[in-house]
Every structure is written in C-alpha cells, then in structure tokens.
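>>> this one's structure only:
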C-alpha cells in the first residue's frame with residue numbers, strides 16, 4: 001500500500017512539474033528542443049508535456065496572431081514535440097490567400113540556416129526564424145475575423161448586413 005501511495009505521489013509531482021503556468025517555461029522548453037521561443041503567443045495560460053512528448057498548450061481563448069501571415073490559435077494546441085519539431089499539430093491554422101489551412105507540422109531542420117518550415121498539408125512554407133524570436137501578441141478571434149470578413153467584403157464589392 002505504501003508503494004502505491006509513493007507511486008501516486010510521484011505521479012502527482014511529475015504532473016505539477018510538467019503542467020507549468022505561462023510563457024517563460026514554455027519558451028525555455030521550446031529552446032531546449034531546438035525551436036524558437038516565440039512559436040506560441042504571449043497569452044499562454046499553461047502547458048502539459050507527457051512522457052511520450054505529447055505537448056498540449058492552453059491559451060486563455062482562441063486568438064489570431066501575425067508572423068508573416070495571420071495564424072489562428074485554438075484555445076488548446078496539441079502536437080508531438082521532438083528535437084527540432086512539432087509534428088501532428090492540432091488547433092493551429094495559417095491564412096494563405098484568404099484561406100485558413102491547418103498547420104500539420106513545424107520543423108527546424110538546421111538552426112544555422114535561419115529557417116523554419118511550416119507544413120500546411122498542401123505545401124511547405126519556409127519562414128525566417130527571426131519572426132519567432134518573441135511570443136506574438138494574440139488578439140481574440142472575433143475581433144480579427146470580423147474585421148477580416150469586413151475587409152474581404154469591401155474588397156470584393158459586397159457589403160455585410
């Protein structure tokens with residue numbers, strides 16, 4: 001019985017260690033895995049990392065940020081974290097030519113190249129690592145998407161009612 005209690009206590013402590021609040025710790029984790037610190041926005045509430053490398057990042061609310069293009073973060077973003085990459089990403093989309101495409105993976109093959117690769121399924125997009133040095137400001141999705149829809153309708157000659 002004492003062994004079971006010790007095991008449960010150890011598990012609980014590990015959960016506390018890996019369920020850390022806010023940005024700096026997540027930034028440190030990303031850096032330790034060869035990724036830039038600014039991949040996730042400044043409004044990260046907490047994150048969990050399990051023993052298999054499954055990362056879950058919790059945000060206050062869904063939001064939109066801008067690197068080179070606009071990026072949508074769901075309130076929970078999940079991925080498999082390994083050195084130099086986030087694979088099997090869920091809860092992250094990137095705007096390309098007025099379409100929101102899900103980001104499938106984020107990979108840094110060679111940090112000395114200064115490039116990071118975004119896998120958006122249909123294509124791969126290379127961006128400068130310098131865009132991801134600091135966590136971006138992330139605005140609530142409703143405000144940005146409403147503005148985007150308004151701007152798109154004006155550009156297309158339609159008026160929203």
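Done, it's in. Everything numeric in this text was worked out from a predicted model, so none of it was measured. Numbering: from 1, shown residues only.

>>> The residue nearest in space to the middle of the chain and residue 95, how far apart?
Geometric centre of the chain, nearest residue: residue 40, 4.4 Å, by CA atoms, centre = their mean. Look at residue 40 and residue 95: by CB to CB, to the nearest Å, they are 17 Å apart. Where C-beta positions appear, they are placed from N, C-alpha and C, glycine not excepted.

>>> go on, residue 118?
Distance from residue 118 to residue 95, counting by CB to CB: 12 Å.

>>> What segments of the chain are strands?
20-21, 44-49, 54-59, 63-66, 70-82, 85-96, 99-102, 105-107, 115-119, 124-128, 139-140 (DSSP state E).

>>> Would you mind pulling the contact partners of stretch 49-61?
The contact list for stretch 49-61 (CB atoms under 8 Å, 6 or more residues apart in numbering) reads 18, 26, 29, 40-41, 43-48, 73-82, 86, 138, 140-141.

>>> Filter the residues you listed down to the buried ones.
For the contacts of stretch 49-61, a burial check counting by 16 or more other CB atoms under 10 Å picks out 26, 29, 40-41, 43-44, 47, 73-74, 77-79, 81, 86, 138, 141.

>>> Report the residue spans of this protein with pLDDT below the cut-off.
Filtered on pLDDT under 70, the chain yields the residue ranges 1-24, 142-161.

>>> Go again with 80.
1-24, 122, 141-161 (pLDDT under 80).

>>> picking that back up, so residue 118 and residue 95 - more neighbours on which side?
The residue with more neighbours, out of residue 118 and residue 95, is residue 118; 23 against 15, by other CB atoms under 10 Å.

>>> if you skip the residues just before and after it, what's nearest to the more buried one?
Take residue 118 and drop its neighbours on the chain: the residue closest to it by CB to CB, 6 or more residues apart in numbering is residue 125, 4.6 Å away.

>>> Go ahead and confirm that neighbour touches residue 115.
No - here residue 125 lies out of contact with residue 115, judged by CB atoms under 8 Å, at a distance of 10.1 Å.

>>> residues near residue 128, how many?
Residues near residue 128, counting by other CB under 10 Å: 13.
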